[in-house]
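In: give me a 3D structure for the following:
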Amino acid sequence: MIPLIDLWLPILLSAVIVFVASSIFHMLLPIHKGDYRFLTDEDKALAALREAGARPGHYMFPACSDMKLMKSPEMVKKYARGPVGFMTILPNGPFAMGKALGLWFVFCLIVGIFTAYIGSLALPAGTGYDMVFRVTGAIAILGYAFTHYVDSVWKGMSWSITFKFMAEGVVYALLTAGVFGWLWPGV
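Out: You can find the predicted model right below:
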């Protein structure tokens, strides 16, 4: 087993490369330009949310406090009438892009750490590039690509958006695998 500390460079470098690649995907390429729809009367909807006392948090609507009540005639009618959905309300003020980017980088480090940890258990020092690439790539795909699948399953995210994020996740995983294959410790 390779000590995790010996893999600090591929962990850090893969996180930096994925961070840069994701910045390119999200800022320079128009891939996600149409991912979110706009409300036709946003001012009216926002006023209604303020009046209803909506605070930061995650909401489901129509909401039901007990699963048994979901089949009640009143809830069935609410679901049929719609809209049905999930909503996340953030704190008031401009979006905290710096905080989000910092947390994204931390996530990239975490994926790198787990990739290194599992890879170090499965692969000895001196393993060839191809095998390191395959094993660490498979691990990183789980961290970067498949995390988005649940958004479509449980939160109603459009599958086309999910598949875009999953495809990006595969690219991030391949970049991670390339760094680990390149910097894997020798014998």
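In: now do the phi/psi pair for Gly57.
Out: Here is the backbone geometry of Gly57 (degrees, to the nearest 10): phi 160, psi -180.
In: who's in contact with it?
Out: Applying CB atoms under 8 Å, 6 or more residues apart in numbering, we find Gly57 in contact with 88-89. For glycine as for every other residue, the C-beta is placed from the backbone atoms N, C-alpha and C.
In: which residues does it bridge with?
Out: Ile89 (DSSP bridges).
In: from what I can see Ile141 touches Val170, true?
Out: Yes. Applying CB atoms under 8 Å as the test, Ile141 and Val170 come out as touching, 6.0 Å apart.
In: can you map out the helices along this protein?
Out: 8-23, 42-51, 73-81, 97-122, 129-144, 149-155, 159-183 (DSSP state H).
In: which positions within the third one qualify as buried?
Out: When you say that, I think you mean helix 73-81. Lys78 (16 or more other CB atoms under 10 Å).
In: what do you get for the first one?
Out: Burial within helix 8-23, assessed by neighbour count using 16+ other CB under 10 Å, is assigned to 10-11, 13-15, 17-19, 21-22.
In: in JSON lines, list those along with distance to His32 and pLDDT.
Out: JSON lines is the format used below for those (distance: CB to CB, whole Å; pLDDT from 0 to 100):
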{"residue": "Pro10", "distance to His32": "28", "pLDDT": "98"}
{"residue": "Ile11", "distance to His32": "27", "pLDDT": "98"}
{"residue": "Leu13", "distance to His32": "26", "pLDDT": "98"}
{"residue": "Ser14", "distance to His32": "23", "pLDDT": "98"}
{"residue": "Ala15", "distance to His32": "21", "pLDDT": "98"}
{"residue": "Ile17", "distance to His32": "20", "pLDDT": "98"}
{"residue": "Val18", "distance to His32": "17", "pLDDT": "98"}
{"residue": "Phe19", "distance to His32": "17", "pLDDT": "97"}
{"residue": "Ala21", "distance to His32": "14", "pLDDT": "97"}
{"residue": "Ser22", "distance to His32": "11", "pLDDT": "96"}
